[in-house]
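A.B. asks: give the three-dimensional model of this entry:
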Amino acid sequence: MSRHIVFRAEKEHKAAVECKGKHDWPEDCKPESEALVRATNKLYKEIMEKSPEEFKEYAQCLDWYGLRFSRCRDKQAAFEKAFPIVDAKK
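C.D. replies: Sure thing, here's the model as predicted:
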């Protein structure tokens, strides 16, 4: 899902990363971080509406294989086919 966040919540992700690069104190980036959390929650809700089974299978595979992505490429492909990284509507 992290790749989806980078592309589908690009504005919020970029703002949070840039802020954290400029500030050492986490509180200084609270608004940007909260906006990213809201965008991520919205994305998760959309995933659960459009491709819950593919996401669940991919997550379970990663859990089973200790986050070894190479073992779960087939599940990743199925998930990304059901829920593309880049929103085709934009």
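
A.B. asks: okay, now the domains of the protein?
C.D. replies: Here the domain assignment for the chain is 1-50, 51-90, based on automatic domain parsing.

A.B. asks: now those as a markdown table including mean neighbour count and mean pLDDT?
C.D. replies: Where you see a C-beta, it was placed from the backbone N, CA and C, and this is true even at glycine. As requested, these are arranged in a markdown table below (neighbours: other C-beta atoms under 10 Å; pLDDT from 0 to 100):
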| stretch | mean neighbour count | mean pLDDT |
| --- | --- | --- |
| domain 1-50 | 14 | 92 |
| domain 51-90 | 14 | 91 |
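
A.B. asks: got a list of what residue 1 touches?
C.D. replies: Neighbour list for residue 1: 43, 44, 47, 55 [criterion: C-beta atoms under 8 Å, 6 or more residues apart in numbering].

A.B. asks: which stretches of this structure form helices?
C.D. replies: Assigned by DSSP state H, the chain shows helices spanning 2-8, 10-22, 30-50, 52-64, 73-82.

A.B. asks: tell me the angle the longest one makes with helix 52-64.
C.D. replies: In other words, helix 30-50. Angle between the axes of helix 30-50 and helix 52-64 is 110 degrees (criterion: axes from the mean of the first three to the mean of the last three C-alpha atoms, to 10 degrees).

A.B. asks: residue 1 and residue 46, how far apart?
C.D. replies: Going from residue 1 to residue 46 by C-beta to C-beta, to the nearest Å gives 11 Å.

A.B. asks: then residue 30?
C.D. replies: Distance from residue 30 to residue 46, counting by C-beta to C-beta: 25 Å.

A.B. asks: before we move on, the earlier item: closest to residue 83 among the contacts of residue 1?
C.D. replies: Nearest to residue 83 among the contacts of residue 1, counting by C-beta to C-beta, is residue 47 at 5.6 Å.

A.B. asks: for that closest one, which non-adjacent residue is closest in space?
C.D. replies: Setting aside the residues directly before and after it, residue 47 is nearest to residue 55 in space (C-beta to C-beta, 6 or more residues apart in numbering), at 5.2 Å.
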